[in-house]
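Q: build the 3D model from these lines:
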Amino acid sequence: MPRFGREPEPMASHRTTARGILALLAGACIAAGPAVAGPSNLPPPPAGSPAKGPQPEDPPAPPKPPPIVFPVIGPVKYYDDFGAPRAGGPHQGNDILAAKRSLAVAAESGKVKLWTSSANAGCMLYLYGKSGTTYLYIHLNNDVTSGNDNRGKCVAGTAYAKGLRSGAAVRAGEPIAFVGDSGDANGLHAHLHFEVHPKGGNAVSPFPYLKRARHLLYAAAPGSVVSLTLKGRIAATPSGTLELSIDSLRASTGLRVANVGLTVSLTLPPDALVTATSSLIGAPRLAQGKSVTVTTLPTETTLDTELAKPGTLTVDTVAL
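A: Below you'll find the predicted structure:
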């Protein structure tokens, strides 16, 4: 298992072909085949004679690791392209398509290593998770405009989160990088090439990890005080709560996310201000299906608030 501080090995080609991008956009999926048990290393008992002594048993299945945090904030597309043919050999990760400069966050708590000298990978980051799993974030942003200018460098604020340094300890869900198309992905759809190396060993398909991952509503530096403006539709109004199906989000940090596609439960205190943007007869009512804009009270950022767990975000105002 590599220890933190060891230089990452040179990367093989991770180029995503145009055909691969089209497959991703089409939402294709690759199904994994059934596992096949290998032969026992003990000879079978002679024919017609009973087995003697203790018999070999299948080893117990290793426990599933806890779900990681999904590494990109906002809408994405991905499928299991692990092992797909590439110019430099089989694909060692999954490509997660996302809008350029989408926030990439720490899949689990650990330490980061910034890696900037691979022509193929472009701007890259290693996350050495506390579980012993190493995660690779590849093809991070190197553009300074909305176009594909390649004028940026692999530095904090462009490829990596502002103020992030190699060797820094990070918490699960903490912003660490920005999605891009650096390296041999230049000019293709912005995406995060994401690799998973259990115990620092060979790469395995990230797909099962991504399918089980927890999706964040937003991401910000741990401990920072953040308020959110959420646009969406009322899903339900149980006593003291407002369940909101969110279309878009704007955070006081400047983060903006379109097409959020998450439904969250917000605490609705009796003194929350409910207003109507158009003239209504009587007091405005929070009815299921109504489009609303909700602002939340400023809240200290934790992983629970980023996940929008019930009881962590509180409504300040609702505009119908």
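Q: from now on I want contacts and neighbour counts done on CA atoms only, so please keep to that.
A: Fine.
Q: can you pull the contacts of Leu255?
A: The contact partners of Leu255, by C-alpha atoms under 8 Å, 6 or more residues apart in numbering, come to Tyr218, Leu249.
Q: please repeat the previous calculation with a cut-off of 10 Å.
A: With contacts defined as C-alpha atoms under 10 Å, 6 or more residues apart in numbering, Leu255 is in contact with Ser102, Leu103, Tyr218, Ala219, Ala220, Leu228, Leu249.
Q: next one: Arg212
A: With contact taken as C-alpha under 10 Å, 6+ apart, Arg212 is in contact with Pro66, Pro67, Ile68, Val69, Phe70.
Q: thought the second one was touching Ala213?
A: This means Pro67. Yes. Pro67 is within contact range of Ala213, at 5.1 Å (criterion: C-alpha atoms under 10 Å).
Q: okay, and the common contacts of those two?
A: Common neighbours of Pro67 and Ala213 (C-alpha under 10 Å, 6+ apart) are Ala107.
Q: farthest-apart pair in the contacts of Leu255, please.
A: The distance between the two most remote of the contacts of Leu255 (C-alpha to C-alpha) is 17.4 Å, for Ser102 and Leu228.
Q: ok, back up a step: adding neighbour count and secondary structure, write the contacts of Leu255 out as a markdown table.
A: Below are those laid out as a markdown table (neighbours: other C-alpha atoms under 10 Å; DSSP: H, G, I helix; E, B strand; the rest coil):
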| residue | neighbour count | secondary structure |
| --- | --- | --- |
| Ser102 | 25 | coil |
| Leu103 | 24 | strand |
| Tyr218 | 26 | coil |
| Ala219 | 24 | coil |
| Ala220 | 23 | coil |
| Leu228 | 24 | strand |
| Leu249 | 22 | strand |
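Q: helix, strand, or coil at Met124?
A: strand (DSSP: H, G, I helix; E, B strand; the rest coil).
Q: what's the burial count for it?
A: Here the number of neighbours of Met124 (other C-alpha atoms under 10 Å) works out to 26.
Q: just to revisit the earlier point, same list (the contacts of Leu255) but as TSV, adding distance to Ala172 and pLDDT.
A: Output for the contacts of Leu255, formatted as TSV (distance: C-alpha to C-alpha, whole Å; pLDDT from 0 to 100):
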residue	distance to Ala172	pLDDT
Ser102	17	96
Leu103	13	97
Tyr218	13	97
Ala219	10	97
Ala220	11	97
Leu228	20	98
Leu249	21	97
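Q: how about those in JSON lines, adding distance to Gly289?
A: Output for these, formatted as JSON lines (distance: C-alpha to C-alpha, whole Å):
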{"residue": "Ser102", "distance to Gly289": "29"}
{"residue": "Leu103", "distance to Gly289": "30"}
{"residue": "Tyr218", "distance to Gly289": "23"}
{"residue": "Ala219", "distance to Gly289": "27"}
{"residue": "Ala220", "distance to Gly289": "30"}
{"residue": "Leu228", "distance to Gly289": "21"}
{"residue": "Leu249", "distance to Gly289": "18"}
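Q: out of these, who's nearest Ala235?
A: Distances from Ala235 to the contacts of Leu255, taken as C-alpha to C-alpha, are shortest for Leu249 (16.5 Å).
Q: follow-up on the earlier one: quick check: PyMOL command selecting the buried ones in the contacts of Arg212.
A: A single PyMOL command is used to select the members of the contacts of Arg212 judged buried by 16 or more other C-alpha atoms under 10 Å:
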select buried, resi 68+69+70
